[in-house]
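J.: Kindly return the folded structure for what I paste below:
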Amino acid sequence: MNSNPEGREPLSFDLNGERLKLVKETRWSRRFASLDGRRIVLKSRLEDGSASITLTQLDADWSSWTREERGDFCNSIRGLRGPIRIDVLRFLIKNADADLLRNVAMELVDLPSVEIVPAFSRWIQDSAPGRATNYVQALGWTKAREGTAVIAHRLTHLKAAPSNVDESARTLINLEELQCIRQLIELGRSPSEYQSEAIRFATHSAPTVQHAYRYYLAEYFE
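T.: Numbers count the residues shown, from 1 in each chain. Just a heads-up that it's a prediction; the model follows:
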């Protein structure tokens, strides 16, 4: 990894033979991008120790942060370690919303089910169709009994989503449907209940949906 002339932050690094350069640095993260801008890597400064915060500071500062600053902090909590981690996660489920925490849903699974399952259920309900995929996965991973009903209801809601949406929105909805079916099967539902959906996704016109089908569901139907 290369360093700048003062020997402080890394300016670039190689990932699978591709050079990624530092393009943005904030209080909580460093963003690296490939030369063509197609690959983006976010590195948490909480992980490398170049940033830190106490729960007292978080509680005092949160209300003064912009939404962008809150989002940057939430996206950086993957790197948070030590006793403060659980306290920060508890703070966030009380003070952040579904949009802010979507990218780090799996981090929240570390909390006891009695605390996080109601939050996941609420965020799934509050999210627009196609925007709750990560929460569906995280709720399924908790193995909570009530998760089956929540995810099944969400799948029904997704199937009833308006058809007059653009291709990008429709793809997101399809990907969330795939995740719902995957988690329902993992929670005990029979794959046979979703045979027609499996056929639809396996032959879908969008390569992204076909790839997701092979990754999430093909093992249950082939």
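J.: so where is the chain shaky, pLDDT-wise?
T.: Where the chain drops to pLDDT under 70, the residues are 1-10, 13-15.
J.: what about the longest strand in it?
T.: If you go by DSSP state E, the chain has its longest strand at strand 18-25.
J.: for that one, packing partners?
T.: Here strand 18-25 touches strand 10-15, strand 29-34, going by 3 or more C-beta pairs under 8 Å, 6 or more residues apart in numbering; DSSP states H and E. Where you see a C-beta, it was placed from the backbone N, CA and C, and this is true even at glycine.
J.: make it 10 Å
T.: strand 2-3, strand 10-15, strand 29-34, strand 40-44 (3 or more C-beta pairs under 10 Å, 6 or more residues apart in numbering; DSSP states H and E).
J.: With only the CA atoms kept, save that strand in PDB.
T.: Extracted C-alpha coordinates of strand 18-25, given in PDB (Å, rounded to 0.1, in the frame of the first residue of the first chain):
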ATOM      1  CA  GLU A  18      -6.600  -3.100 -10.200                       C
ATOM      2  CA  ARG A  19      -5.300   0.100  -8.700                       C
ATOM      3  CA  LEU A  20      -7.800   2.000  -6.500                       C
ATOM      4  CA  LYS A  21      -7.000   5.600  -5.500                       C
ATOM      5  CA  LEU A  22      -8.200   7.700  -2.600                       C
ATOM      6  CA  VAL A  23     -10.900  10.100  -3.900                       C
ATOM      7  CA  LYS A  24     -12.600  11.300  -0.800                       C
ATOM      8  CA  GLU A  25     -11.900  11.300   2.900                       C
END
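J.: Let the chain start at 466 from now.
T.: All right, first residue 466 from here; so that's strand 483-490.
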